[in-house]
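1. What follows is a predicted protein model with its sequence.
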Amino acid sequence: MRSDVITKGLERVPHRALLKGAGVPQSEMDKPFIGVATSFTDLIPGHVGMRDLERYIEKGVHTGGGYAFFFGIPGVCDGIAMGHKGMHYSLPTRELIADMVESVVEAHRLDGLVLLTNCDKITPGMLMAAARLDIPAIVVTAGPMLSGRGSDGRRYSFVTDTFEAMARYKAGVIDAKELQVCEDNACPGMGSCQGLFTANTMAILTETLGMSLPRCGTALAVSALKRRIAFASGEKIVELVRKDITPRQILTRAAFENAIRVDLALGGSSNTVLHLLAIANEAGIELPLETFDILSKQTPQLASMNPAGQHFMEDLDVAGGVLGVLKQLGDSVKDNPTVMGASVRELVSSIDKIDESVIRPVSDPVKKEGGIAILFGNLCPKGAVVKQSGVSSAMMKFTGTARCFDSEEKAMKALMDGNIRPGDIVVIRYEGPKGGPGMREMLAPTAAIMGLGLGESVALITDGRFSGGTRGPCIGHISPEAAEGGPIALVEDGDKIVLDIPSRTLELLVGEETLETRRAAWQPPAPKISKGWLARYAKVVTSAYTGAVTSAE
C-alpha cells in the first residue's frame, strides 16, 4: 500500500511516532489509510449538514477494514459571493481545491480517498484531484435542499425567489411584503439549492461518471438515504483500495459522453462545460468543446427542471434519478465501469419504474435538442456557450444593438436604472478567466433582465459565465476573452449583433476593415486585481474553451 512508506520499516519510527501522537493505535497501522476530504463549513447551506455525513463515512471506512483521516477543504458559496468582489474568487477556488487535495494525499501517502463535497466549484475541484492523483477514490455529494413552501402551498426556490424577485420588486410587480416572504422561504434548510443549478448538476454528473454510488446525485440532504449512502461509500472505498480500482479506470471517454448526455437531457447548468473539460484534462481524456454540441443535436431534453422549468430535485429523485435518465436515453448510453462495481448498463437494468411526467421518454421530449448549445462566429471564434433549454422560442434568433460594459457592476447599474431597452444586447466584457480575473457568474444581471420583464426583448453576451440558475437569452464563455484581445473587446455601442442559436452562430455585423482599425487601436486595460492569489491566477489560467484550467507553462 502507499501508506507503507510511512508505516513500515526501521527508518519510519519517527513517522509512526507522529501517527501515534495523532491517536492511531499500533493495531491500525496495517490497515488502508483513507483520507476523507471534507468541505464542511458553516458558511454554505449545502455544507452545514456534513458533520453528520462525516460520522457515517467514518463508520463505513472502519466497518470496511480501513482507518479514516479527515482533512478540511475550503468552500465558497456562489450565491453569497454573487454580485461583489467575492465572485472573483469562486472559480479559482476550484484549482486551489484540487491542489490542496493533491498536496495532503501525496504528503501523507494516503491509500484512498472519500471526497465529501456539494457545491459549484468544490465538486469539480475534488474530481480534478481524484483524476490527477489516480488513487482509489469515491465522491459523496451532500445532497440537495428541499423546496421552500408557502402557506398557500406554493413552492419556492433560491434563484427565482431571491435574485429575480429583487427585479420584480424594482419593477413594481411584487410589494415589499411578498419580497420578504420570498426571502424567508427560498432556502428552508440544509442542502444545495433546489433546482438544476451548478451544484446539483455536478452532483448528478458525478454519479453519471461512475464516481458516486447510485442515488447519491439526487438523494436529499435531509434524508436517511444520504446517511446510508455515506456509510456505504466509506465501506466501498476500502474495497476499491484492495482491488486497486482507480479513477482513470472509470473516467473514460465513454463516461464523459454519458455525463454530457445526461446534462443535455436534463437542461443542466452551462458551467458543466467548464468543469467537464477541466476534469477530462486531468484524466488525460481529449474532450473538444465541439463534443457538447455534437451530442446536443443527438440528445433530446427529457426533463423540465427549475429554474427554467417546473420540477425540483426532490421530484427528479423520486422519478428515477440519474439511472432513470440513463434508462430513458437508451442505447445512446455507453457501458462503463463505476465505483459501485457494477457497470453502467447493469445499474440501469435495475430500474423498472420511471415517472415519465418528470423524466419523459425520448419519443416525447420536452425539446428535440439538449439543453446546451455551442456557438461560433466572428464574435466567438473559439466558441461560446448558451443554455438553450432556458431560452424561449421567440429569442432563439435575435438581432440587437450592442450596449457595452467593461464590468458586471456597470451593466447591473444600467439595468436597475432603467437604461436598457427592448432590442438591446448587453455586452459584459473583461470578466473572463484572465480579465475578471476569475470569470465571474452573471446571475444578478441575467436575473434582473428576467425580473424586469425584458427576457423576450433583451439578450446578454459575456466572456464571463452564468450561474446554473440563469435562464433567458444569455451567452457566456465567449472565447477568446476581451483581456486577450478577443473580438468582444472591439464591440462598440450601437453595433448590431446577430444571435442565431439554431444555426449555432453569434456574429458582429461590423466589417473586417473596421474591426482591424479598432484592433490596431486597442490597448489591454490595467488588471482589475494586481496583488494576491488572483493576480497569480490571472497569469496562468487558460481560456474558457479549454476549461479555464491553470497551466504549468
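-> Looks like it arrived, so ask away. Residues are numbered from 1 along each chain as shown.

2. quick one: buried residues of the strand or helix carrying A255?
-> Assigned by DSSP states H and E, A255 belongs to helix 253-266. Going by neighbour count (16 or more other Cβ atoms under 10 Å), the buried part of helix 253-266 is 254-266. Placement of C-beta: from N, CA and C, glycine included.

3. ok, which stretches of the stretch 151-300 of the chain are helices?
-> 163-170, 176-185, 198-209, 224-243, 247-250, 253-266, 271-283, 290-298 (DSSP state H, counting those that start in this stretch).

4. just the stretch 1-150 of the chain next, same as before
-> Using DSSP H, counting those that start in this stretch, helices in the stretch 1-150 of the chain cover 4-7, 13-21, 50-64, 78-81, 90-108, 122-133.

5. Quick one: closest of those helices to E441.
-> helix 78-81 (6.2 Å; Cβ to Cβ).

6. Just the buried positions in the closest one, please.
-> Neighbour counts using 16+ other Cβ under 10 Å place 78-79, 81 of helix 78-81 among the buried residues.

7. ok, now stretch 79-88?
-> Going by neighbour count (16+ other Cβ under 10 Å), the buried part of stretch 79-88 is 79, 81-83, 87-88.

8. on that earlier part again, I'd like the buried residues of helix 78-81 laid out as a markdown table, including distance to S157 and pLDDT.
-> Output for these, formatted as a markdown table (distance: Cβ to Cβ, whole Å; pLDDT from 0 to 100):
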| residue | distance to S157 | pLDDT |
| --- | --- | --- |
| D78 | 15 | 90 |
| G79 | 12 | 88 |
| A81 | 19 | 91 |
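
9. What is the nearest of those to E290?
-> D78 (27.3 Å).

10. In this structure that closest one contacts D120, no?
-> Yes - judged on Cβ atoms under 8 Å, D78 makes contact with D120 at a distance of 5.0 Å.

11. Mind listing the shared neighbours of these two?
-> Here D78 and D120 have 90, 198 as joint contacts, going by Cβ atoms under 8 Å, 6 or more residues apart in numbering.

12. give the contact list for the residue most central in space within the chain.
-> Central residue of the chain (Cα atoms, centre = their mean): T198, 3.8 Å from the mean position. Taking Cβ under 8 Å, 6+ apart, we find T198 in contact with 78, 119-120, 269, 271-272, 467-468.

13. want to throw the residues you listed into TSV with distance to D495?
-> TSV is the format used below for these (distance: Cβ to Cβ, whole Å):
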residue	distance to D495
D78	31
C119	37
D120	33
S269	29
N271	28
T272	31
S467	27
G468	30
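
14. Make a PyMOL selection of the buried ones in those.
-> To isolate the buried members of these in PyMOL, using 16+ other Cβ under 10 Å:
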select buried, resi 78+119+120+269+271+272+467+468
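
15. Sort the contacts of T198 by pLDDT and name the bottom one.
-> Of all these, G468 has the smallest pLDDT value, namely 75.

16. Quick check: phi and psi at it.
-> phi -60, psi -20 (degrees, to the nearest 10).

17. can you pull out the helices in the stretch 301-450 of the chain?
-> Taking DSSP H, counting those that start in this stretch as the criterion, the stretch 301-450 of the chain carries its helices at 313-319, 321-329, 344-348, 408-416, 443-451.

18. now for the ones you listed, which one comes closest to H62?
-> Among the helices of the stretch 301-450 of the chain, helix 344-348 sits nearest to H62 (Cβ to Cβ), with 26.6 Å.

19. Name the residues of that closest one that are buried.
-> Per 16+ other Cβ under 10 Å, helix 344-348 contains these buried residues: 344, 347-348.

20. between those, which is closest to T218?
-> Lowest distance from T218 to the buried residues of helix 344-348 (Cβ to Cβ) belongs to L347, with 13.9 Å.

21. isn't that closest one right up against P214?
-> Yes - in this structure, L347 is within contact of P214 by Cβ under 8 Å, at 5.9 Å.

22. residues shared between the contacts of those two?
-> In contact with both L347 and P214: 323, 340, using Cβ under 8 Å, 6+ apart.

23. Just the residues contacting stretch 142-151, thanks.
-> 45-47, 49-50, 53, 116-118, 155-158, 161, 181, 185-194, 199-200, 203, 218-223, 226, 312-314, 317.

24. list the buried ones in it?
-> For stretch 142-151, by 16+ other Cβ under 10 Å, it's 142-148.

25. From the chain's centroid, how far away is that stretch?
-> With Cα atoms, centre = their mean, to the nearest Å as the basis, stretch 142-151 stands 20 Å off its chain's centre.

26. I'd like the C-alpha coordinates of it written as PDB, please.
-> Listed next in PDB are the C-alpha coordinates belonging to stretch 142-151 (Å, rounded to 0.1, in the frame of the first residue of the first chain):
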ATOM      1  CA  ALA A 142     -24.100  16.000   0.400                       C
ATOM      2  CA  GLY A 143     -27.500  16.400  -1.400                       C
ATOM      3  CA  PRO A 144     -30.000  19.000  -2.500                       C
ATOM      4  CA  MET A 145     -32.200  21.200  -0.400                       C
ATOM      5  CA  LEU A 146     -35.900  20.700  -0.100                       C
ATOM      6  CA  SER A 147     -38.000  23.300  -1.900                       C
ATOM      7  CA  GLY A 148     -39.400  26.100   0.300                       C
ATOM      8  CA  ARG A 149     -43.200  26.000   1.000                       C
ATOM      9  CA  GLY A 150     -45.500  28.900   1.500                       C
ATOM     10  CA  SER A 151     -48.800  28.900   3.400                       C
END
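
27. for this protein, which spans come out with low pLDDT?
-> For the chain, residues meeting the criterion pLDDT under 70 lie at 553.

28. List the strands paired with the strand ranked longest in it, with their directions.
-> For the chain, the strand that runs over the most residues, judged by DSSP state E, is strand 397-405. According to DSSP bridges, strand 397-405 forms sheet pairs with strand 424-428 (parallel), strand 496-500 (antiparallel).
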